[in-house]
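Q: kindly generate the corresponding structure for this input.
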Amino acid sequence: MKKKILWSSAAIIIVLLIAYIVNTGRKTKKQDIGLPAGKSVEWMGIYLKGYKVGYVASKIDTLKEGYRVKSYTYMKITPMSGSENEVKYVVDAYTDKNYNLLSFKFNMFSKGYKFYAEGIKKGKKLDIDFTSEGKKRHLTYDLKTNNVPATIEGIVQFGKTGKFQFFDPTLQSLFTIDVTYGGEDVFQGVKIKKYFVEMSGIKIEFWVDKTNSLVRESSPIGLEMIKETEENAKKITGAPVGLYESYSIKPKKKIPSPRNTKYLKVKIANVDLTGLSINDDRQKLSKDILEINTTYPKKYDKVPASLKAYTEPTPFIPCNDKTVVDFARKIVGETKGWNAVEKIVDYLYKNIRKKPTFSIPDPIEVIKTMQGDCNEHASLFVALARAIGIPARVEVGVVYVGDGFYYHAWAGVWMGNWISVDPTFGQHIADATHIKFEEGSFQNQAKLYKIINKIKIEVLNYD
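A: The predicted model follows:
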């Protein structure tokens, strides 16, 4: 049986739309794995809403104990009309003879940013190391099984179905996926088998021909990969419409002064909101009607034990790192409580250069560069707030700007109740047009999969 594997665009989708719309490299032995070479390289064009934006080149080498899978992804992204950014990811993975992951190296490059990580599976644990600004960090994931597929394509190309754990290197997160067989079909005159992979609430289609070669992959959020020759795969036209605009949501009823809006009532349609973190102190969902009221600080004696996790470090919110702690103290001095929150919001708003960025948001990196989009503002704010003992979380969803809702990231802080703040807009109290659909880690943020490119919002009332 001829074995062919490509790295999944599921990872591309999440990074493209979560790490870019909502808006590190290792200092030693860093390497750019580069473009696979040779006759056995397979090529696929990447299309975003019908526009050619990139390609994937993949190759598999047979080894004595398994296989080596190399993959190179290139995309030309247009965040806003008239601006472009080139993005690359390079993956080098080793598997056993059943294509279960043994180890991997992952590089991501974009203008001004680098990210490098490497991981190794040891029994039922996946150990990952990455370095940011010379500071080494470590992740360990507990696995449910000894066998974790290296690629989603490797599952469907050999007819495997069922539930699997899958590690997405672009988000450094572990997901559970559900693979089902979808029957036979015809693509470009060739008989194929269809498989559906459910991941983070959506179903991605994979089309495999009789040689076990992946010929097409598509998702409901408008991203598609099609098998092509090298020459055709490299013909990139780009998208004439900016990414932000392309995924915006335009209600019929406009909101004339969104930054001053204290109350908003909307109707949500065309999506299943089950499993999303929508209800909180400022948002209440009743069937398909969502009401948002701005919240304000309340007096409290101490932070409840149930909120302890929101004050603790995570691999991508290193609030206990000396660089972060010192930076927080520089900003707030001896100020505490809500006054400290306001100082952090003001400082980030005034000092971080607003720049569309394709990166894995990292607070230490942002402290160095002092630039970024809403992701960088939100992640740094949360790290700084936690560094001084204030419970905080990243919040993601949409916000009204101009004539519609756009995907965005901001922050929540607990001051007697949860309050949304927006350091990107310089808002101590985020206006009510900030509609939160999820919160927390990259793995949680990936749940926006469920609504992107499908959701409809009807504005019912505002004040």
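Q: how does this protein divide up, domain by domain?
A: With domains defined by automatic domain parsing, the chain comprises 9-233, 249-462.
Q: compare those and give me the one nearest Gly242.
A: Closest approach to Gly242 among these (CB to CB): domain 9-233, 4.0 Å. (Each C-beta comes from the backbone N, C-alpha and C, glycine too.)
Q: now the closest one: mean pLDDT?
A: Along domain 9-233, the predicted confidence averages to a pLDDT of 83.
Q: chain center to it, what's the gap?
A: In terms of CA atoms, centre = their mean, to the nearest Å, the centre of domain 9-233 is set 14 Å apart from its chain centre.
Q: tell me the bridge partners for Gly412.
A: Counting by DSSP bridges, Gly412 forms beta bridges with Arg393, Ser420.
Q: and it, what's its pLDDT?
A: Among the per-residue scores, Gly412 holds a pLDDT of 98.
Q: so how many other residues sit close to it?
A: Applying other CB atoms under 10 Å, we find 27 other residues in the vicinity of Gly412.
Q: list the residues that contact it.
A: Asp280, Ala392, Arg393, Val394, Glu395, Trp418, Ile419, Ser420, Val421, Lys436, Glu439 (CB atoms under 8 Å, 6 or more residues apart in numbering).
Q: type out the PyMOL command that picks the buried ones from these.
A: Selection of buried members from those for PyMOL, criterion 16 or more other CB atoms under 10 Å:
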select buried, resi 280+392+393+394+395+418+419+420+421+436+439
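Q: biggest strand in the protein by residues?
A: As assigned by DSSP state E, the longest strand anywhere in the chain is strand 173-187.
Q: and that strand, what does it pack against?
A: With contacts defined as 3 or more CB pairs under 8 Å, 6 or more residues apart in numbering; DSSP states H and E, the secondary structure elements packing on strand 173-187 are helix 152-156, strand 162-168, strand 190-199, strand 202-208, helix 442-445.
Q: so what does the last one touch, helix or strand wise?
A: Contacts of helix 442-445 with other secondary structure elements, assessed using 3+ CB pairs under 8 Å, 6+ apart, are made with strand 173-187.
Q: can you rerun that using 6 Å?
A: In terms of contacts (3 or more CB pairs under 6 Å, 6 or more residues apart in numbering; DSSP states H and E), helix 442-445 is packed against no helix or strand at all.
Q: and if you look at the second one?
A: Strand 162-168 makes packing contacts with strand 173-187 when contacts are defined by 3+ CB pairs under 6 Å, 6+ apart.
Q: most tightly surrounded among the helices and strands packed on strand 173-187?
A: Neighbour counts averaged per stretch over these are highest for helix 152-156, at a mean of 27; criterion: mean count of other CB atoms under 10 Å.
Q: and the helices in the stretch 301-450 of the chain, which stretches?
A: Secondary structure of the stretch 301-450 of the chain, counting by DSSP state H, counting those that start in this stretch: helices at 322-332, 337-351, 363-369, 374-387, 442-445.
Q: among these, which comes closest to Asp61?
A: Taking CB to CB as the criterion, Asp61 comes closest to helix 442-445 out of these, the separation being 30.4 Å.
Q: list the contacts of Phe421.
A: Heads up, residue 421 is Val, not Phe. Residues in contact with Val421, defined by CB atoms under 6 Å, 6 or more residues apart in numbering, are Val345, Ala411, Val413, Ala430.
Q: before we move on, back to that, closest to Lys330 among the contacts of Gly412?
A: When the contacts of Gly412 are compared for distance to Lys330 (CB to CB), Ala392 comes out closest, at 17.8 Å.
Q: name all residues that make contact with the closest one.
A: By CB under 6 Å, 6+ apart, the contact set of Ala392 is Val382, Ala385, Arg386, Ala411, Val413.
Q: next one: it from Asp422, what distance?
A: Counting by CB to CB, to the nearest Å, the gap from Ala392 to Asp422 is 13 Å.
Q: hmm, back to that, Leu35: which of the contacts of Gly412 is nearest?
A: Distance from Leu35 was checked for each of these by CB to CB. The minimum falls on Val394, at 34.2 Å.
Q: wait, doesn't that closest one sit right on Val382?
A: Yes. Assessed by CB atoms under 6 Å, Val394 is found in contact with Val382 at 5.5 Å.
Q: what's the burial count for Ile331?
A: Around Ile331 there are 19 other residues, counting by other CB under 10 Å.
Q: excluding chain neighbours, what is closest to it?
A: Nearest in space to Ile331, with sequence neighbours left out and distances taken as CB to CB, 6 or more residues apart in numbering, is Tyr347 at 4.8 Å.
Q: surely the one you found and Gly333 touch.
A: No. With contacts defined as CB under 6 Å, Tyr347 does not count as touching Gly333, sitting 11.3 Å away.
Q: and the two? Which one has more around it.
A: In terms of neighbours (other CB under 10 Å), Tyr347 is the more surrounded of Tyr347 and Gly333; the figures are 19 against 10.
Q: where does that one sit relative to Met370, distance-wise?
A: Taking CB to CB as the measure, Tyr347 and Met370 are separated by 10 Å.
Q: what score does the nearest residue to Ala269 once chain neighbours are set aside have for pLDDT?
A: The shortest distance from Ala269 to any residue other than its chain neighbours is 4.3 Å, reached at Lys456 (CB to CB, 6+ apart). According to the predicted model, the pLDDT of Lys456 comes to 97.
Q: burial check on Lys456, number of neighbours?
A: In terms of burial, Lys456 registers 14 neighbours under the definition other CB under 10 Å.
Q: so where's the stretch 301-450 of the chain uncertain?
A: Per-residue confidence for the stretch 301-450 of the chain (pLDDT under 70) gives no ranges below the cut-off.
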